[in-house]
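Undergrad: Sharing a sequence plus its predicted fold:
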Protein chains: 2
Amino acid sequence: MSGEDNLLRLVEGEEPDENGYHLQDQVGFILRKAHQRHVAIFASHIADLTPPQFAALAKLHDIGETSQNQLGTLIAMDAATVKGVIDRLKARGLVELSKHEVDKRRLLVNLTPEGREAIERLIPLARTITEETLAPLTAKEAATFLRLLAKLA
Amino acid sequence: MSGEDNLLRLVEGEEPDENGYHLQDQVGFILRKAHQRHVAIFASHIADLTPPQFAALAKLHDIGETSQNQLGTLIAMDAATVKGVIDRLKARGLVELSKHEVDKRRLLVNLTPEGREAIERLIPLARTITEETLAPLTAKEAATFLRLLAKLA
DNA sequence: GCAAATTCATTCGTATGCAAATGATATCAA
DNA sequence: TTGATATCATTTGCATACGAATGAATTTGC
């Protein structure tokens, strides 16, 4: 691979190196950027909660009290990650913890009244965030995208 | 009430029945899961490098020596993040740093011979990773998905 | 009924990822 | 020229994210 070849290709307007590896075309790299953009949009609408924290509250609102471990499974977080998220929500008074009466291994998590108020107030904003994230696509494209994305996830 | 119906309503901007908010239908949540899956696939093929580290090496291989800041822009990392990534690559002898002769603010980053050997050895694996990540989709679906994902990122 | 395997939670270590503040240098504009 | 701005890099603090190790409790298999 000589610089002379690259110069020639440049002058002739050809693609440099057909076998070249282009990071910006790789699904992983674009996926990472799309996720970054979504997180930024999320933060611009909901400043006092992160997406994982929101996910935990939303899921608790949906299903009610559950164990920390089960919650982690439902929101796709491993045990170490979910513990940190729940710890921070607990410190802010949005969730409360209790011990499972029968299975002493389990730590039950539930919304506090403040947590319930917060998530119900924020859900409309979450719909806005979804809309803004998908805004570069037409409605039809968005439907296609979500269908294919779900197949990948 | 199927998830598909909810997806359709979301895309069309209609309200789903009740106040039902389904986390698992939100683009941000699925995006996060798809990204997680990709990172896991990456790690199963390339154990000794993270995707951000790989991105830094691949971009340096593509464009040659550049400033730390410019590299960060090209691989979508802020200054604080790229510094950590480069520090770790430097500690492993895969990149080397030097000062810009004219602009004394800039820190130039370049591949070492070891870094070049590493990235050239790993690029074929990266193609495999991309294939495996997209495996749940047909070739046509994958092309559509990448086109729409790029519009979002 | 009991040993092995599994599950749940915690802790530690490492690695992104980003906001905000800081210092050094470079560029712009009056 | 110089004062205001902008850029580059670093540092600190906080929040995911996950592998690996550990301990406690439960379930399984025989």
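TA: Cool, got the structure.

Undergrad: going forward, measure contacts and count neighbours with C-alpha atoms only.
TA: Noted.

Undergrad: Up against DNA strand D, what does chain A have?
TA: Residues of chain A found near DNA strand D (CA under 7 Å from any atom of the strand) are A:50-53, A:76-81, A:84-85, A:88, A:102-105.

Undergrad: Just the buried subset of the residues you listed, written out for ChimeraX, thanks.
TA: Buried residues among the residues of chain A next to DNA strand D (16 or more other CA atoms under 10 Å in any protein chain shown), as a ChimeraX selection:
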select /A:51,52,53,76,77,85
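
Undergrad: Narrow the residues of chain A next to DNA strand D to those in helices?
TA: A:51-53, A:79-81, A:84-85, A:88 (DSSP state H).

Undergrad: Around DNA strand C, pick out the residues from chain A.
TA: Near DNA strand C, when you scan chain A using CA under 7 Å from any atom of the strand, you find A:32, A:36, A:40, A:67-70, A:79-80, A:83, A:105-108.

Undergrad: so which two of these are the farthest from each other?
TA: A:Ala40 and A:Arg105 (37.1 Å; CA to CA).

Undergrad: which ones are touching the residue nearest the centre of chain A?
TA: Centroid check for chain A by CA atoms, centre = their mean gives A:Pro51 as the closest residue, at 5.9 Å. By CA atoms under 8 Å, 6 or more residues apart in numbering or on different chains, the contact set of A:Pro51 is A:39, A:42.

Undergrad: shaky segments in chain A?
TA: Along chain A, segments meeting pLDDT under 70 span A:1-19.

Undergrad: Now do the helices in it.
TA: Going by DSSP H, chain A shows helices at A:3-12, A:27-45, A:51-63, A:68-74, A:79-91, A:113-134, A:139-152.

Undergrad: looking at the ones you listed, which is closest to B:Leu125?
TA: Here helix A:27-45 is closest among those (CA to CA), at 13.1 Å.

Undergrad: Measure how the closest one sits relative to helix B:51-63, angle-wise.
TA: 120 degrees (axes from the mean of the first three to the mean of the last three CA atoms, to 10 degrees).

Undergrad: chain center to helix A:27-45: distance?
TA: 8 Å (CA atoms, centre = their mean, to the nearest Å).

Undergrad: what's the closest non-adjacent residue to A:Ala43?
TA: A:Thr50 (7.2 Å; CA to CA, 6 or more residues apart in numbering or on different chains).

Undergrad: Is it correct that the one you found is in contact with A:Ile41?
TA: No - here A:Thr50 does not reach A:Ile41: they are 11.2 Å apart, not a contact under CA atoms under 8 Å.

Undergrad: and the residue nearest to A:Ala43, how far is that from B:Tyr21?
TA: 17 Å (CA to CA, to the nearest Å).

Undergrad: What does the residue nearest to A:Leu122 when sequence neighbours are not counted show for phi and psi?
TA: Spatial nearest neighbour of A:Leu122, chain neighbours left out: A:Ile46 (7.6 Å); criterion: CA to CA, 6+ apart. With angles defined as degrees, to the nearest 10, A:Ile46 sits at phi -130, psi 100.

Undergrad: buried set for stretch A:112-120?
TA: A:115-116, A:118-120.

Undergrad: before we move on, back to that, format the helices of chain A as a markdown table; extra columns: distance to B:Leu149.
TA: Output for these, formatted as a markdown table (distance: least, CA to CA, whole Å):
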| stretch | distance to B:Leu149 |
| --- | --- |
| helix A:3-12 | 29 |
| helix A:27-45 | 7 |
| helix A:51-63 | 20 |
| helix A:68-74 | 25 |
| helix A:79-91 | 27 |
| helix A:113-134 | 10 |
| helix A:139-152 | 7 |
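
Undergrad: What residues does chain A have near chain B?
TA: A:21-23, A:26-35, A:37-39, A:55, A:58-59, A:62, A:76, A:123, A:130, A:133-134, A:136-137, A:139-143, A:145-146, A:148-153 (CA under 8 Å from any CA of the partner chain).

Undergrad: you'd agree A:Gln24 is up against A:Ile30?
TA: Yes - A:Gln24 lies in contact with A:Ile30 (CA under 8 Å); the separation is 6.7 Å.
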